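In: next come a sequence and a model predicted from it.
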Amino acid sequence: AKKKKQAAVAKKNSSRSDHRNPDELDSDEEAATNDELEVRFTADGLVYVDSDGKVVKKVRDENEDDDDSESSDDDSDDEDPEEEEGTESESEESDAGLGGSEDEASADEVSGESGDDEDGGAILAVGTKVKGNYHAEEQFDGHENWYEGVITDVRSDKTGNTLYDITYDDGDFEEGMKPEYVRRIKKSKEERDQGNEKEQRMHRLKIKKLKAKKKARSEMPYVFEVPTTLEALHDMIGNFASTGSDVGLIIQRIHASNSVRLDKNNKEKMQNFFDVLLRRFVEVGDAIYSSGDGGPELGRYDQLNALTQTLYAMSQDSPGCAGAVWGRRLGIMQKALAKRLRDAEFISADDEDAPSAWPSTGILLLMRALSHIFPVTDLRHVVVTPALMLLGQTVAQCPVRSLDDVVMGLFSSCLIIEYTKEAKRLAPEALAFIAGVLRLFAVNVEAATEVTPVPSFELAMRNANLSALRADAVEYGDCVGGSDEIDLL
């Protein structure tokens, strides 16, 4: 038995010498190397620095390695080989029973904090609670500092890689973090239960609101409170209206139940409601330009007709209040027009994507309804005269940069003529703009536009579509068979 034990020890020593690293130095050489190295104190502790100033290793790591090697040598010499083999086998079995090595344990730890494994590399959303490796690329020797925070922004760089902006819980923040430096914090069971309970509560509340809304629509009241803001009117429409005709009915009932003729004390709140209806008219008109009538369900044209009738009835109830509201609204429109004209001076003539200086479709439709609410034959009118001056300024000063601007200008010119024809007046701004549009179809367009009396067409030739209107008209005439009439131009 003693011989067997000596043979096992000799075999073990020989295996150590065989498995020794060929680049490993002897103790004497290592001591000589350590004498050449210089010990310095840095932010990471005591380290060995060579003659070139490069960090070779840490003093603490070397001491720990020496202590571990000495303890392992002493233990290996004292233990019996058979006991050692039994211990190694037991440790392997225990490792297998616990479910893996240190790599697997670290992977489990990371999976508990990161959402990459669960989401399949999905992009984390804004507001997700995460842990961020604070300034990972600036740390020495791959040192990691993980702090909890919340994702405040998600974007992509020029190559398409996802980047995160994180605000940490201590108030610090970091921008442009790579996904490998961000780990999602796994919610606890209690937090998941609270989230599920909140979702169920919100779902029940949504169902309850839908039932209440359906019941309110089926039982629309005859008396409404006067909404003093546009947002309040929208909320009322959302609760009680299901079609465009319902919207008109709600507005009519608001006026009928709170008319000034019923109670003079309603004068102030109905004056505010008049301004709300003007803003509602503009919004519906702009929606017609972008989305059309909307079909039988929305019926935006019918909504504008109902609004016009209500505005006319309210103007008859209190002409002074209606005139004051219209005057204030026209003043706001004139200031907005002046601002657009100032901005247009700084826009390049070749910029086709620049915003137009012309009024929106909703404003022009409101000006169209104005002539049906107030008389246009008066010599001077508190509403019609300022509106006519605003339209004249629009036609004369707004630059024409596209075909849409031409359409808006023609519509405005027609409104001016409609305002003045019954009073048998002339509208020089409207006639000059129409003449300028006709010159766009001339043979020599550039020469024709240079003599136009309207400054709106000074930039028209910069647009290729406007300079080719005559060619487009000739091509259209060839298609419909009326080229002879086109050539007469």
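Out: Ah, there it is.
In: and the helices in the stretch 301-450 of the chain?
Out: With DSSP state H, counting those that start in this stretch, the ranges of helices along the stretch 301-450 of the chain come out as 319-344, 361-373, 384-397, 403-421, 428-439, 445-450.
In: other SSEs contacting the second one?
Out: When contacts are defined as 3 or more C-beta pairs under 8 Å, 6 or more residues apart in numbering; DSSP states H and E, helix 361-373 sits against helix 267-291, helix 300-317, helix 319-344, helix 384-397, helix 403-421. For every residue, glycine as well, the C-beta is placed using N, CA and C.
In: quick one: closest of these to Phe140.
Out: Nearest to Phe140 among these is helix 319-344; the distance by C-beta to C-beta comes to 53.0 Å.
In: in that closest one, what counts as buried?
Out: For helix 319-344, a neighbour-count test (16 or more other C-beta atoms under 10 Å) marks 321-322, 324-326, 329-330, 333-334, 337, 340, 344 as buried.
In: hang on, the earlier thing: out of the helices and strands packed on helix 361-373, flag the one nearest Glu475.
Out: Across the helices and strands packed on helix 361-373, Glu475 has its closest neighbour in helix 403-421 (15.5 Å, C-beta to C-beta).
In: and that closest one, average pLDDT?
Out: For helix 403-421, mean pLDDT rounds to 92.
In: just checking, what packs against that helix?
Out: Using 3+ C-beta pairs under 8 Å, 6+ apart: helix 403-421 touches helix 361-373, helix 384-397, helix 428-439, helix 464-467.
In: now that helix, how far from the centre of its chain.
Out: The chain centroid and the centroid of helix 403-421 are separated by 36 Å, computed with C-alpha atoms, centre = their mean, to the nearest Å.
In: go through the protein and flag its longest strand.
Out: When the chain is parsed with DSSP state E, its longest strand is strand 146-156.
In: okay, the helices and strands packed on helix 403-421 in CSV with mean pLDDT, distance to Leu278 and mean neighbour count next?
Out: CSV is the format used below for the helices and strands packed on helix 403-421 (pLDDT from 0 to 100; distance: least, C-beta to C-beta, whole Å; neighbours: other C-beta atoms under 10 Å):
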stretch, mean pLDDT, distance to Leu278, mean neighbour count
helix 361-373, 94, 7, 19
helix 384-397, 93, 12, 20
helix 428-439, 88, 24, 19
helix 464-467, 69, 33, 14
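In: using CSV, lay out those helices together with distance to Gln139.
Out: Below are those laid out as CSV (distance: least, C-beta to C-beta, whole Å):
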stretch, distance to Gln139
helix 361-373, 58
helix 384-397, 62
helix 428-439, 69
helix 464-467, 57
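In: scan this protein for its longest helix.
Out: Determined from DSSP state H, the single longest helix within the chain is helix 189-218.
In: who are the packing partners of that one?
Out: Contact analysis of helix 189-218 by 3+ C-beta pairs under 8 Å, 6+ apart lists helix 230-240 as its packing neighbours.
In: what's the following helix or strand after the helix it packs on?
Out: Reading on from helix 230-240 to the C-terminus, the next helix or strand found by DSSP states H and E is helix 244-257.
In: just want the angle from that following helix to helix 267-291.
Out: 170 degrees (axes from the mean of the first three to the mean of the last three C-alpha atoms, to 10 degrees).
In: helix 244-257: which residues count as buried?
Out: Applying 16+ other C-beta under 10 Å to helix 244-257 flags 244-245, 247-248, 250-251, 253-255 as buried.
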